[in-house]
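Trainee: Here you go, sequence then predicted model.
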Amino acid sequence: MAVNKTIKYLLFFFNFLFWVSGCIILGVSIYMKVSMDGNVFTSMALPGVDLMIAIGVIIILLGFLGCCGAIRESRCLLLLFFISLLLIFILLLAAGIVAAVDKDKVNDWTKERLNDLDRLPLQDQTAEIKTDVQKLEAELKCCGLTRGPGDWGGAIPSSCHCNDHSQPCENIGGQMFYSTPCSTLIIRVLEDNMVVVLGIAFAIAILLIFGMAFAMTLYCQIGKKEGPTTA
């Protein structure tokens with residue numbers, strides 16, 4: 001029995017798209033990693049970047065493996081590809097369930113981290129922490145970490161000046177400062193990122209189902225072509 005060429009080339013095309021998606025995930029993850037610029041607070045708002053880099057590399061390798069298995073009609077490579085996709089699918093499913101159920105725990109963990117940094121007035125923190133906070137304030141248009149301008153203990157930096165009057169501001173000593181603490185906006189960004197990550201995970205899971213179906217179909221057809229005694 002001849003191998004169905006349509007299934008063969010569909011699997012090859014799927015794996016090419018799978019490989020391209022891995023390249024995109026890897027590229028975007030590296031860009032996010034570089035754009036953090038070592039800012040500890042930005043890292044809180046963009047968790048799991050290192051994990052996304054690892055996922056991108058794995059997808060690239062699996063896409064290459066699947067392409068080779070389809071073109072060479074290798075049952076061994078196709079079976080390895082199927083098992084790898086199945087494992088990733090199970091991990092994605094488990095991670096998605098945990099992320100959806102424990103979303104509040106992630107927010108609580110972020111608040112605890114910020115509260116630990118906020119035990120001293122920000123003006124008494126290290127130069128690195130103060131620089132990171134001021135960059136965050138300028139970017140998110142907020143002030144302080146958990147209590148607003150009061151976190152600075154009186155010496156409020158220029159990064160808190162209310163230059164955008166569409167944002168909540170308050171008058172302190174005759175000057176207008178952003179009143180929203182940065183922790184509120186960091187958690188909001190975290191929640192937005194979580195939705196995006198879950199959406200990407202769902203899309204990848206759909207692709208994995210199609211990939212497993214194509215791989216197993218081609219695997220069975222090659223087995224019929226080679227006969228029951230061929231390994």
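Mentor: Sure thing, it's come through. Residues are numbered from 1 along each chain as shown.
Trainee: Centre of the chain to stretch 174-189, how far?
Mentor: Its chain's C-alpha centre and that of stretch 174-189 lie 24 Å apart, by C-alpha atoms, centre = their mean, to the nearest Å.
Trainee: my bad, should have said stretch 199-209
Mentor: How far stretch 199-209 lies from its chain's middle: 14 Å, per C-alpha atoms, centre = their mean.
Trainee: In it, which residues are buried?
Mentor: By neighbour count on 16 or more other C-beta atoms under 10 Å, the buried set for stretch 199-209 is 200, 201, 204, 207, 208. Any C-beta I mention is one placed from the backbone N, CA and C, and that applies to glycine too.
Trainee: Restrict that stretch to CA atoms and write it as CSV.
Mentor: C-alpha atoms of stretch 199-209 as CSV (Å, rounded to 0.1, in the frame of the first residue of the first chain):
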residue,chain,number,x,y,z
GLY,A,199,-4.2,32.2,24.5
ILE,A,200,-0.8,31.2,23.0
ALA,A,201,-0.8,28.0,24.9
PHE,A,202,-4.3,27.2,23.7
ALA,A,203,-3.3,27.8,20.1
ILE,A,204,-0.2,25.7,20.4
ALA,A,205,-2.3,22.9,22.0
ILE,A,206,-4.6,22.9,18.9
LEU,A,207,-1.6,22.7,16.6
LEU,A,208,-0.2,19.8,18.7
ILE,A,209,-3.5,17.8,18.3
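Trainee: now the strands for this structure?
Mentor: Using DSSP state E, the strands of the chain run over residues 169-172, 175-178.
Trainee: Ranking those by mean neighbour count, which comes first?
Mentor: strand 175-178 (a mean of 19; mean count of other C-beta atoms under 10 Å).
Trainee: Other residues contacting that one?
Mentor: For strand 175-178, contacts defined as C-beta atoms under 8 Å, 6 or more residues apart in numbering pick out 137, 141-143, 148-149, 156, 160-162, 165, 167-170.
Trainee: returning to that earlier point: is it possible to export the buried residues of stretch 199-209 to TSV including distance to residue 98 and pLDDT?
Mentor: Formatted as TSV, the buried residues of stretch 199-209 follow (distance: C-beta to C-beta, whole Å; pLDDT from 0 to 100):
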residue	distance to residue 98	pLDDT
200	16	76
201	11	77
204	16	80
207	21	81
208	18	84
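Trainee: Throw those residues into a markdown table and include distance to residue 97, thanks.
Mentor: Below are the buried residues of stretch 199-209 laid out as a markdown table (distance: C-beta to C-beta, whole Å):
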| residue | distance to residue 97 |
| --- | --- |
| 200 | 16 |
| 201 | 10 |
| 204 | 15 |
| 207 | 19 |
| 208 | 16 |
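Trainee: Make a ChimeraX selection of the buried ones in the contacts of strand 175-178.
Mentor: Only the buried entries of those go into this ChimeraX selection, using 16+ other C-beta under 10 Å:
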select :137,141,142,143,148,149,156,160,161,162,169
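Trainee: Can you flag which of the contacts of strand 175-178 belong to helices?
Mentor: Secondary structure from DSSP state H places residue 137 of those in helices.
Trainee: Go through the contacts of strand 175-178 and name the one with the lowest pLDDT.
Mentor: pLDDT across those is lowest for residue 165, at 81.
Trainee: What are the phi and psi values at it?
Mentor: Main-chain dihedrals, residue 165, degrees, to the nearest 10: phi -80, psi 0.
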